[in-house]
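Asker: how does the following fold in three dimensions:
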Amino acid sequence: MIFNRTNCFFFFITIIFIGFSNPSFSQKATKSQTGIASWYGSKYHGRKTSSGERYNRFEMTAAHKKLPFGTKVKVTNLDNNKSVIVRINDRGPFVGERIIDVSEAAAKALEIRGAGLGEVKVEVLGTPGAEMASLDETELEQDDEVFTIEAGSFLKPQFAIAFSEKLKAFDKHLSIELSEEQFNGMTIHRIKAGRFENKQQAEAFNDLLAEEGLHGVVAEA
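Answerer: Okay, here's the model as predicted:
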């Protein structure tokens, strides 16, 4: 084959086209992305996100540059294989080559909170309005269950109320359920904190409570 200047020109153009036409993460053909994750915490707690929601550092949410709000993604820490499922409700991160910015609860579960950054794999599980066929059986089971944190049992109601107020001070959005049960002729005042979509989310929140001495036991609601 004889290469003249015209042939070389078209060959060069073809190489450029092939090199830059691979699908990006935002396109439907691509379901995963690998890169650096970061997290954001108390400084942004309660502030409005790009979706209009209030950021809650205790929920399993994340910021992404392109994915539609409401998209559920699985984030896996490639160093320890820990993974979480988060919902996209914000835009970012806009620092360097980072690909996702997760909430503090998610960072705790992934074990990247201390380091601040971690190499992760992000996999799209489902977008708003899309069928959930892409979810595996375990994830579907988690979506059907609701979990709570059994935060404490007290004989005196004033102690239960005081502990409830501490939980509310920790997170003003946290739902608190007070109940009474009879046990051996005594009235027990029990506290249940929060309602979580899955056990993983409840355990991550309970870990954050533990740092303040407020943790309990994760159980089905």
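
Asker: thought Glu181 was touching Lys192, still the case?
Answerer: No - counting by CB atoms under 8 Å, no contact exists between Lys192 and Glu181, whose distance comes to 11.9 Å. C-betas here are computed from N, CA, C, even on glycine.

Asker: more neighbours, those two?
Answerer: Shown here are Lys192 and Glu181; by other CB atoms under 10 Å, Lys192 has more neighbours (18 against 10).

Asker: what's the helix or strand where Val84 lies packed up against?
Answerer: Using DSSP states H and E, Val84 falls within strand 83-90. The contact analysis (3 or more CB pairs under 8 Å, 6 or more residues apart in numbering; DSSP states H and E) places strand 83-90 against strand 61-63, strand 72-77, strand 98-103, helix 104-110, helix 199-210.

Asker: pull out the buried positions in stretch 208-216.
Answerer: The neighbour-count check on stretch 208-216 (16 or more other CB atoms under 10 Å) flags Leu208, Leu209, Leu214, His215, Gly216 as buried.

Asker: doesn't the third one lie inside a strand?
Answerer: Looking back up the chat, that one is Leu214. No - the assignment for Leu214, made by DSSP: H, G, I helix; E, B strand; the rest coil, is coil rather than a strand.

Asker: contacting residues for it?
Answerer: Counting by CB atoms under 8 Å, 6 or more residues apart in numbering, Leu214 makes contact with Ala151, Phe163, Lys166, Leu167, Phe170.

Asker: can we see that at 10 Å?
Answerer: Leu214 sits next to Ile149, Ala151, Gly152, Phe163, Lys166, Leu167, Ala169, Phe170, Asp171, Ala193, Asn206, Leu208 when contact means CB atoms under 10 Å, 6 or more residues apart in numbering.

Asker: what's the PyMOL line that selects buried ones from the residues you listed?
Answerer: A single PyMOL command selects the buried members of these (16+ other CB under 10 Å):
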select buried, resi 149+151+152+163+167+170+171+193+206+208
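
Asker: which among the contacts of Leu214 gets closest to Arg47?
Answerer: Nearest to Arg47, judged by CB to CB, of those is Asp171 at 14.6 Å.

Asker: hmm, Glu104 and that closest one touching each other?
Answerer: No - taking contacts as CB atoms under 10 Å, Asp171 lies outside contact range of Glu104: 11.2 Å.

Asker: which neighbours do these two share?
Answerer: His45, Asn56, Arg57, Phe58, Glu59, Leu208.

Asker: and those residues as TSV, adding distance to Glu123, secondary structure and pLDDT?
Answerer: Listed next are those as TSV, based on distance: CB to CB, whole Å; DSSP: H, G, I helix; E, B strand; the rest coil; pLDDT from 0 to 100:
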residue	distance to Glu123	secondary structure	pLDDT
His45	27	coil	88
Asn56	23	coil	91
Arg57	23	coil	89
Phe58	23	coil	89
Glu59	20	coil	91
Leu208	25	helix	86
